[in-house]
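Enquirer: return atomic coordinates for the entry below.
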Amino acid sequence: MEADLTQHGGERYRSLSLWWDLLPGSLVLRAPLPGNVDVDVAVVGGGFTGLWTAYYLALADPALRVAVIERDVVGFGASGRNGGWCSALFAASEEKLDRVAGPGAGVAMRHAMAATVDEVGRATAEEGIACRFAKGGTVVLARTPAQLARTRAEVDHARSIGVGEDDLRLLSAAEAVAQVGATDVLGGTFTPHCAAVDPARLVRGLAEAAERRGVAVYERTPAMAIAPGVVETSRGTVTATTVVRATEGYTPTLRGEERTLAPVYSLMIATEPLPDHFWAEAGLADRQTFSDHRHLVIYGQRTADGRLAFGGRGAPYHFGSSVQPRFDRDTGVHDALAATLVQLFPALADVAITHRWGGPLGIARDWFPSVGIDRRSGLAWAGGYVGDGVSTTNLAGRTLADLVLERTSELTSLPWVGHTWPKWEPEPLRYLGINAGLALAGRADRAEERAGRQTWHAKVLGKLVGG
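Expert: Numbers count the residues shown, from 1 in each chain. Predicted structure coming up:
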């Protein structure tokens with residue numbers, strides 16, 4: 001049974017992000033868990049990971065009883081608030097994957113991620129999900145000499161491990177500016193393996209597609225703890241043969257999972273719709289996603305309705321892995337993002353910023369995303385995407401479907417399957433370490449601008465993050 005969200009504080013949901021605000025029609029609220037239920041597979045988390053998992057399970061076995069348990073509403077978390085990059089980016093490097101899983105693991109993961117971008121496009125088209133999928137690729141600009149050196153080193157390294165021009169191309173300054181008309185551009189790279197999407201339309205449409213396949217989706221049902229065969233919620237107990245944890249940045253809210261993933265906030269802004277004469281200079285004609293080679297990550301896209309949606313890191317980690325609605329907005333960080341956007345595109349100096357928002361993403365202690373299942377307990381998991389989850393969640397969902405159904409496939413042999421994370425340090429070490437890393441990234445960028453070359457800050461940061 002569904003009710004109009006406007007009768008239940010619907011404006012709160014509209015304000016979650018630009019993407020939520022632009023959702024067409026009336027927003028609907030699904031019923032919560034009606035009490036104790038028994039299913040074959042209980043999925044905890046109504047974001048991309050949980051919904052892709054439920055969707056592919058229902059496709060593979062229509063008789064399977066699958067339930068998704070969501071603490072608020074579908075897409076409330078990062079799935080409805082992110083930058084809309086459906087990319088082939090994976091947080092762990094190919095070298096790290098090879099070290100952990102053996103030679104060839106990194107190449108296999110690279111190919112799987114590139115194919116996943118196209119799978120998201122195929123699946124959304126097949127299900128009629130109008131998420132404004134536009135595969136325009138990604139341009140990463142080099143705007144300082146140090147960034148240009150990193151750009152060239154990245155391409156040289158890519159060639160050394162077999163990545164060709166079709167997958168990653170070095171751009172001259174003129175070629176880069178022709179795609180992204182930003183200031184101070186010295187060069188860049190281009191990869192075709194990324195699509196810009198409207199993530200809220202994608203996650204809401206995916207929930208409807210899963211429901212059409214027979215999946216039960218329960219909203220407003222906070223899960224308090226997960227155990228073998230059991231999900232304890234505020235609305236009742238779900239018993240299941242398999243329990244999938246798909247909670248990403250909200251994982252620390254589960255009892256016993258406080259140190260599994262760290263919730264680190266990424267914040268965004270969006271402009272008003274921009275005129276044609278701006279786009280004639282700024283480019284992004286194919287809705288390429290864009291970034292640059294600074295250390296403190298920024299990311300942007302040209303939206304389907306002609307805005308710039310732009311985000312970045314820099315918001316602090318909060319003590320005790322706390323996740324609170326008030327952390328979604330940080331005036332200092334949002335103002336810094338607006339200033340950075342004007343530095344990139346000075347014509348935006350007098351343009352209105354219509355939306356400011358943010359939310360937590362999940363980071364594992366070793367910066368290594370993981371998906372897996374414990375056969376003895378029936379507990380499965382996926383997450384730790386470090387902000388690259390729009391596509392990786394699809395790969396996770398397909399992989400979890402194979403694992404739950406005990407099907408051996410190319411997906412189940414990928415190097416992230418079964419990876420176990422080290423726990424984050426207890427507080428206050430976690431608080432001090434994460435915020436020191438965030439501060440160091442900002443200092444590295446400022447030091448490079450002054451020195452015109454990479455400094456010791458960047459070298460230390462690289463060791464902290466790991467390769």
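Enquirer: could you pull out the strands for the stretch 251-400 of the chain?
Expert: In chain order, the stretch 251-400 of the chain shows strands spanning 262-271, 289-292, 298-302, 308-312, 353-363, 370-374, 379-383, with DSSP state E, counting those that start in this stretch as the criterion.
Enquirer: got a markdown table for these, with mean pLDDT too?
Expert: A markdown table is the format used below for those (pLDDT from 0 to 100):
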| stretch | mean pLDDT |
| --- | --- |
| strand 262-271 | 97 |
| strand 289-292 | 98 |
| strand 298-302 | 98 |
| strand 308-312 | 97 |
| strand 353-363 | 97 |
| strand 370-374 | 98 |
| strand 379-383 | 98 |
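Enquirer: find the nearest non-adjacent residue to residue 225, please.
Expert: The spatially closest residue to residue 225, leaving aside those adjacent along the chain, is residue 255, at 4.1 Å (Cβ to Cβ, 6 or more residues apart in numbering). Placement of C-beta: from N, CA and C, glycine included.
Enquirer: that neighbour reaches residue 224, doesn't it?
Expert: Yes: Residue 255 sits in contact with residue 224 when judged by Cβ atoms under 8 Å, with a separation of 6.0 Å.
Enquirer: hmm, back to that, and residue 206, which of the strands of the stretch 251-400 of the chain is closest to it?
Expert: Of all these, strand 379-383 sits nearest to residue 206, with 15.2 Å by Cβ to Cβ.
Enquirer: low-confidence ranges, the chain, go.
Expert: Low-confidence segments of the chain, defined by pLDDT under 70, are located at 1-11, 450-467.
Enquirer: would you map the helices across it?
Expert: 10-14, 18-21, 48-60, 94-101, 105-126, 145-160, 173-179, 199-212, 276-282, 331-344, 389-404, 429-451, 456-465 (DSSP state H).
Enquirer: can I get these in a markdown table including distance to residue 368 and mean neighbour count?
Expert: Compiled in a markdown table, these are given as follows (distance: least, Cβ to Cβ, whole Å; neighbours: other Cβ atoms under 10 Å):
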| stretch | distance to residue 368 | mean neighbour count |
| --- | --- | --- |
| helix 10-14 | 33 | 16 |
| helix 18-21 | 28 | 23 |
| helix 48-60 | 16 | 27 |
| helix 94-101 | 7 | 18 |
| helix 105-126 | 11 | 18 |
| helix 145-160 | 19 | 16 |
| helix 173-179 | 31 | 18 |
| helix 199-212 | 24 | 24 |
| helix 276-282 | 36 | 13 |
| helix 331-344 | 26 | 17 |
| helix 389-404 | 12 | 27 |
| helix 429-451 | 16 | 16 |
| helix 456-465 | 11 | 14 |
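Enquirer: ok, residue 314 - contacts?
Expert: Contact criterion Cβ atoms under 8 Å, 6 or more residues apart in numbering gives 267, 296, 333, 336, 438, 442 as the residues in contact with residue 314.
Enquirer: ok, residue 23 - contacts?
Expert: Contacts for residue 23 were tallied using Cβ under 8 Å, 6+ apart; they are 14, 200-201, 204.
Enquirer: what about 10 Å?
Expert: Taking Cβ atoms under 10 Å, 6 or more residues apart in numbering as the contact definition, residue 23 lies against 5, 13-14, 16-17, 75, 80, 198, 200-201, 204.
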